[in-house]
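Asks: no sequence on this one, just coordinates:
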């Protein structure tokens, strides 16, 4: 059994590193996790480290961070240097291109870079989306729009 963290076990709004689980959410997940042949998990877009820190869920509840890309704490420390270089390049380019916009927050994650737009107005989101789609030019990366995916040499 798995569920999302943001908006399910906690409020969807707020600072991701400060949004604690609602009331008895941990108790509700602990019960099925204790059943034989049953696993309970929480999936989040947060990094695994941030999810573990903010959720304070018991060890029997599995944590899956970075939209499914992280399932153990060692993951973020073993990615190739080339991947780290690309992520730094993309993060810097996005911060320069759109990070100054009101309501926009660029977050560097262990295996991704996210553009948070929730507090921004619709016109800012549209402008940021258009800019992000073409920002690959400044990084030397190619892009495709499935969310935002960049491939760099």
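Replies: Looks like it came in fine. No experiment lies behind these values; they were computed from the predicted model shown.

Asks: pLDDT at the residue sitting nearest the centre point of the chain, what is it?
Replies: In the chain, the residue lying closest to the centroid (Cα atoms, centre = their mean) is residue 45, at 3.1 Å. Here the pLDDT value assigned to residue 45 is 83.

Asks: enumerate every residue touching it.
Replies: For residue 45, the contacting residues are 6, 65-67, 109, 114, by Cβ atoms under 8 Å, 6 or more residues apart in numbering. Where you see a C-beta, it was placed from the backbone N, CA and C, and this is true even at glycine.

Asks: go on, residue 87?
Replies: By Cβ under 8 Å, 6+ apart, the contact list for residue 87 reads 108, 111-113.

Asks: could you say which helix or strand holds it?
Replies: According to DSSP states H and E, residue 87 maps onto helix 81-98.

Asks: are we agreed that residue 26 is in a helix?
Replies: Yes. Looking at residue 26 with DSSP: H, G, I helix; E, B strand; the rest coil, it is inside a helix.

Asks: for the residue lying farthest from the centre of the chain, give its distance to residue 89.
Replies: Most distant residue from the mean C-alpha position of the chain: residue 36, 30.9 Å away (Cα atoms, centre = their mean). From residue 36 over to residue 89 the distance is 48 Å, taken as Cβ to Cβ, to the nearest Å.
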